[in-house]
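In: Here is a sequence together with a model predicted from it:
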Amino acid sequence: MAKLVSLAQGVADLLRDGDVVALEGFTHLIPFAAGQEIIRQRRKDLTLVRMTPDVIYDQLIGAGCARRLIFSWGGNPGVGSLHRFRDAVQNSWPVPLELEEHSHAGMANRYVAGASGLPFAVLRGYTGTDLPRHTTNIRTIACPFTGEVLTAVPALRPDVTVVHAQRADRAGNVQMWGITGVQKEAVLAARQSLVTVEEIVDHLEPVPGQVVLPSWAVTAVAEVPGGAHPSYAHGYSVRDNDFYLAWDTISRDRDTFQGWLEQHVLKVETPA
């Protein structure tokens, strides 16, 4: 059964230096508040996993939390590059960053394999790309029935998956709706999970297109209103497009970034 915790307690209890951590969310319901709490608690040497690392991963990388990134696309959506990500890869600042790159389909199937308790996933992806030459975790496999050559990728089993959702009830059942990516699969694949939500309610009312994560599949739930900002939570908030535009300038310069980080993340007190 999921435990109701504060955000600070959830991060302190579940995340350790060196962990494999997935913060999932596609355009919508991105767990920014949780990512910034990871920075405040000075976690380091993390292997960060995400299909589409964007601004929150730029912040984590720039803060020196990451040692390795497993991903399928990275950028400031609608704006351009992630400058802290680029600086880490090109100049090893603030620490070197190792990369493992996949396709979207490959990442999604790796989560599904992890959630299913399987050692690997099989798909028709990667054919005609350079990714197999640069990523050792992409192999070919022959179908035992037809002989067709397919691609195999190992299951993803994060130590901790972190996602944001709209609601949870007091028993720890989580409800999300709108644009959902691979949050369900990433939670089910993980050994432990932390879900931040806009609100905790007595009862979950059905919503069209909802995804429900049952309490038995979630380790901890923290009520964090606005926890997806500057991304959005459908039915609760809208996307802060101005922040994404501003981030391009903030993140280009190391000193400007460090000043922003100190003021807006490190000096912000999180309820214990």
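Out: Here it is on my side, so go on. What you see is a predicted model; the values in this text were computed from it and never measured.
In: Provide the count of other residues in contact range of residue 269.
Out: 7 (other C-beta atoms under 10 Å). For glycine as for every other residue, the C-beta is placed from the backbone atoms N, C-alpha and C.
In: what residues are up against it?
Out: For residue 269, the contact set (C-beta atoms under 8 Å, 6 or more residues apart in numbering) is empty.
In: Do you know the pLDDT at it?
Out: At residue 269, the predicted lDDT confidence score is 83.
In: in what helix or strand does it lie?
Out: Counting by DSSP states H and E, there is no helix or strand that carries residue 269.
In: now do residue 259
Out: Assigned by DSSP H and E, residue 259 falls within helix 254-261.
In: where along the stretch 1-150 of the chain do the helices fall?
Out: Ranges of helices within the stretch 1-150 of the chain are 7-14, 32-40, 55-62, 83-91, 104-116, 131-134, based on DSSP state H, counting those that start in this stretch.
In: ranking the ones you listed by burial, who's on top?
Out: Burial of these is given as mean neighbour count (mean count of other C-beta atoms under 10 Å); helix 55-62 ranks first at a mean of 25.
In: And it, what does it pack against?
Out: With contacts taken as 3 or more C-beta pairs under 8 Å, 6 or more residues apart in numbering; DSSP states H and E, helix 55-62 sits against helix 32-40, strand 46-50, strand 66-71, helix 83-91, helix 241-252, helix 254-261.
In: Kindly present these as CSV, with separate columns for mean pLDDT and distance to residue 209.
Out: As requested, the helices and strands packed on helix 55-62 are arranged in CSV below (pLDDT from 0 to 100; distance: least, C-beta to C-beta, whole Å):
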stretch, mean pLDDT, distance to residue 209
helix 32-40, 98, 23
strand 46-50, 98, 23
strand 66-71, 98, 26
helix 83-91, 98, 32
helix 241-252, 98, 24
helix 254-261, 98, 36
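In: give me phi/psi at the closest residue to residue 33 other than its chain neighbours?
Out: For residue 33, ignoring the flanking residues on the chain, the nearest one in space by C-beta to C-beta, 6 or more residues apart in numbering is residue 227 at 3.8 Å. For residue 227, the backbone dihedrals are phi -70, psi -10 (criterion: degrees, to the nearest 10).
In: Look at residue 227 and say how many residues are nearby.
Out: Residues near residue 227, counting by other C-beta under 10 Å, number 27.
In: so it makes contact with residue 34?
Out: Yes. Assessed by C-beta atoms under 8 Å, residue 227 is found in contact with residue 34 at 6.8 Å.
In: Residue 232 pairs with what?
Out: Beta-bridge partners for residue 232, by DSSP bridges, are residue 28.
In: coming back round to it: output the helices of the stretch 1-150 of the chain as a markdown table; include the columns distance to residue 184.
Out: Formatted as a markdown table, the helices of the stretch 1-150 of the chain follow (distance: least, C-beta to C-beta, whole Å):
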| stretch | distance to residue 184 |
| --- | --- |
| helix 7-14 | 19 |
| helix 32-40 | 17 |
| helix 55-62 | 20 |
| helix 83-91 | 26 |
| helix 104-116 | 8 |
| helix 131-134 | 25 |
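In: With residue 260 as the reference, name the closest of the ones you listed.
Out: When these are compared by C-beta to C-beta, helix 55-62 sits nearest residue 260, at 9.0 Å.
In: now that closest one against helix 32-40, angle please.
Out: In terms of direction (axes from the mean of the first three to the mean of the last three C-alpha atoms, to 10 degrees), helix 55-62 departs from helix 32-40 by 0 degrees.
In: Can you give me the separation between the residue lying closest to residue 51 once chain neighbours are set aside and residue 32?
Out: Distances taken as C-beta to C-beta, 6+ apart place residue 107 nearest to residue 51, at 4.7 Å, with adjacent residues excluded. With distances taken as C-beta to C-beta, to the nearest Å, residue 107 is found 20 Å from residue 32.
In: okay, the helices and strands packed on helix 55-62 in JSON lines with distance to residue 139 next?
Out: Below are the helices and strands packed on helix 55-62 laid out as JSON lines (distance: least, C-beta to C-beta, whole Å):
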{"stretch": "helix 32-40", "distance to residue 139": "32"}
{"stretch": "strand 46-50", "distance to residue 139": "19"}
{"stretch": "strand 66-71", "distance to residue 139": "16"}
{"stretch": "helix 83-91", "distance to residue 139": "25"}
{"stretch": "helix 241-252", "distance to residue 139": "36"}
{"stretch": "helix 254-261", "distance to residue 139": "38"}
